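Participant: Build me a model:
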Amino acid sequence: MSRPQPPPPAQLYLSILSSHLADLWDPVCRDLQDLFGPMDYVSDPFPFLETGYYDAELGTPIMRRVVGFERLLDQSRLPEAKLATNELEQAYARTDGSRRLNLDPGLLCLERLVLATGKNFSHRIYLGQGIWGDLTLIYRHKGWQSLPWTYPDYAGTILHGHLLELRQKYKKKLK
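Facilitator: The predicted model follows:
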């Protein structure tokens, strides 16, 4: 029989997409730190080119930043993080309600990356509060491994590089 035990805290990960990233970065950064505490990993902006899915809503060209936070997060709090980032997206939305930025939180653990989403699908697990966990990547053989449903940008080497750096920082925090 397995004995339930609490999991270790996870590294809160956030992907930020926007065609207005340069203009919005400072206030969004302050708001995110108010929510989640100090950032200890911030990537330089880089182009989001893998899909045109967000072009109509966010505008073009879309840039991405990857951030990690100093404080680790209890894994059961991922739905709260997603709901908080949804509210922040709305706070920065245009007057017609369309978003100017996309904030995608997730949990990075030593063995996996799980993104939070409000959309159900066959490989997603319900976490509560209308939020599902999407097992996006697994860590095996010293690298991130994609799964059949992994988003194209998460299957690419650019994000894998940032996630490897975040994983190293996380590993040190656990010690």
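
Participant: Could you point out the longest helix of the protein?
Facilitator: As assigned by DSSP state H, the longest helix anywhere in the chain is helix 157-174.

Participant: So which residues lie in contact with that one, not counting its own?
Facilitator: By CB atoms under 8 Å, 6 or more residues apart in numbering, the residues outside helix 157-174 that reach it are 8, 10-11, 13, 15, 40-41, 43, 46, 66, 68, 72, 108-110, 113, 137, 139, 143-144, 153. For the C-beta atoms, the positions are set from N, CA and C on the backbone; glycine is no exception.

Participant: Tell me the buried residues within these.
Facilitator: Neighbour counting with 16 or more other CB atoms under 10 Å marks 10-11, 13, 15, 41, 43, 66, 68, 72, 108-109, 113, 137, 139, 144, 153 as buried within the contacts of helix 157-174.

Participant: tell me the two of those residues that are most distant?
Facilitator: Greatest spacing in the buried ones among the contacts of helix 157-174, by CB to CB: 72 and 153 (24.8 Å).

Participant: From residue 138, how far off is the nearest residue to residue 155 once chain neighbours are set aside?
Facilitator: Once flanking residues are discounted, residue 155 sits nearest to residue 146: 4.1 Å by CB to CB, 6 or more residues apart in numbering. For residue 146, the distance to residue 138 equals 9 Å [CB to CB, to the nearest Å].

Participant: among the contacts of helix 157-174, which are in helices?
Facilitator: Those of the contacts of helix 157-174 lying in helices (DSSP H): residue 153.

Participant: re the thing from before, average pLDDT across the longest helix of the chain?
Facilitator: The average of the pLDDT scores along helix 157-174 is 97.

Participant: go on, stretch 41-59?
Facilitator: Mean pLDDT, stretch 41-59: 95.

Participant: cool, and stretch 109-124?
Facilitator: pLDDT averaged over stretch 109-124 gives 97.

Participant: Buried residues, it. List them.
Facilitator: 109, 112-117, 124.

Participant: ditto for stretch 25-37
Facilitator: By 16+ other CB under 10 Å, the buried positions in stretch 25-37 come out as 25, 28, 31-32, 35-36.

Participant: Take those residues and write them to a markdown table, including distance to residue 78, pLDDT and secondary structure.
Facilitator: Below are the buried residues of stretch 25-37 laid out as a markdown table (distance: CB to CB, whole Å; pLDDT from 0 to 100; DSSP: H, G, I helix; E, B strand; the rest coil):
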| residue | distance to residue 78 | pLDDT | secondary structure |
| --- | --- | --- | --- |
| 25 | 24 | 97 | helix |
| 28 | 20 | 98 | helix |
| 31 | 19 | 98 | helix |
| 32 | 15 | 98 | helix |
| 35 | 13 | 98 | helix |
| 36 | 12 | 98 | helix |
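
Participant: That's all I had, so thanks and see you.
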